[in-house]
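Participant: would you be able to build a 3D model of this:
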Amino acid sequence: MTLAGFKRMTIRPRNADGSFMNQLVVIEGKRDKGATTTAEISGLSKTPTKVAGSDIEYYISRKGVGDVKSDFGVLDMPDNLSDLISGYKVSAAGITHIGNDTEPPYCAVLLESSDLQGDTALLGFYDGTFTRDKISLDTLDPAETFKPTADTYTYSSIASDADGETNGQYVGKYIGSKAETIEALKKEVLGEDYATVTDTAAGSQVQAPKVEG
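Facilitator: As a prediction, this is how the structure comes out:
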């Protein structure tokens, strides 16, 4: 599987009780609304462990996955959306606070790309949390043309606890052109009602996970 491009990332945060919030975070290159740059997914296979028996390497323990996580490069994500998925507190005055009680909400994530034949490629993560380890400031060189760089977010996945086929699964993947299968995976990852949910990347007011005062 060789993928060409990284068209869109859709994030749907969850409430504390595990239900989905009534909003989506969509990063798809709309002007001033953020754009995707890179995604690197790791931990999709477990480190094989050899088991000896009868003085030979008799068995390889290989079932399951490793530490499933994704490192994303995102250019110009709006602060309110970054604060939401990072679990930062926002005061009534609009001041963001980051501290000991910072707790990112669980989120589902859907990535959209294409394969070399032009078919749709979807990778969905059923549950996990985002972290942003640093915020960087760089001086401006008057002699150089300014080129913004992407911020890095890490998404740590956990297995789905939903009933049915997704139980115990981390990732849902589909590469192809069947519209009904594409729609089925989107609903499986983002919720049955995802198509009616507010797109916060379009500029609507974000539902903060916590509000002080």
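
Participant: got the buried residues for the helix or strand D83 falls within?
Facilitator: Following DSSP states H and E, one finds D83 within helix 79-86. Residues of helix 79-86 classed as buried: N80, L81, S82, D83, L84, I85, S86 (neighbour count, 16 or more other Cβ atoms under 10 Å). Yep, even glycine has a C-beta here, placed from its N, CA and C like the rest.

Participant: show me what that helix is packed against.
Facilitator: Packing partners of helix 79-86 (3 or more Cβ pairs under 8 Å, 6 or more residues apart in numbering; DSSP states H and E): strand 3-13, strand 23-27, strand 128-131.

Participant: what residues sit buried inside the next helix or strand along the chain from it?
Facilitator: Following helix 79-86 in sequence order, the next helix or strand is strand 89-91 (DSSP H and E). Going by neighbour count (16+ other Cβ under 10 Å), the buried part of strand 89-91 is K89, V90.

Participant: average pLDDT for whichever helix or strand comes after strand 89-91, rounded please.
Facilitator: Proceeding N to C from strand 89-91, the next assigned helix or strand is strand 96-97, under DSSP H and E. If you average the pLDDT over strand 96-97, you get 96.

Participant: which other helices and strands does strand 96-97 contact?
Facilitator: Looks like strand 96-97 contacts strand 89-91 (3+ Cβ pairs under 8 Å, 6+ apart).

Participant: got the contact list for the longest helix along the chain?
Facilitator: As assigned by DSSP state H, the longest helix anywhere in the chain is helix 179-190. Helix 179-190 has contacts (Cβ atoms under 8 Å, 6 or more residues apart in numbering) with 10, 12, 20, 24, 108-110, 120, 122, 124-126, 166, 172, 174, 176, 194, 197.

Participant: what about 10 Å?
Facilitator: Here helix 179-190 makes contact (Cβ atoms under 10 Å, 6 or more residues apart in numbering) with 10-12, 20, 24, 108-112, 119-120, 122-127, 160, 162, 164-166, 169, 171-176, 178, 192-195, 197.

Participant: only the buried subset of these, as a ChimeraX command please.
Facilitator: The buried subset of the contacts of helix 179-190, as determined by 16+ other Cβ under 10 Å, is captured in ChimeraX by this line:
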select :10,11,12,20,24,108,109,110,111,112,120,122,123,124,125,126,127,160,166,169,171,172,174,175,194,197
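
Participant: nearest the geometric middle of the chain, what residue?
Facilitator: Closest residue to the average C-alpha location of the chain: V109 at 4.1 Å, with Cα atoms, centre = their mean.

Participant: pLDDT on the helix holding D83, on average?
Facilitator: 94.

Participant: before we move on, what about stretch 3-22?
Facilitator: 95.

Participant: list the buried residues for that stretch?
Facilitator: F6, R8, M9, T10, I11, R12, P13, R14, F20, M21.

Participant: distance between the ends of it?
Facilitator: 31 Å (Cα to Cα, to the nearest Å).

Participant: same question for stretch 94-106.
Facilitator: Termini of stretch 94-106 sit 23 Å apart (Cα to Cα).

Participant: from the chain's centre, how far out does it sit?
Facilitator: 18 Å (Cα atoms, centre = their mean, to the nearest Å).

Participant: buried set for it?
Facilitator: P104, P105, Y106.

Participant: now N22: how far from G87?
Facilitator: 18 Å (Cβ to Cβ, to the nearest Å).
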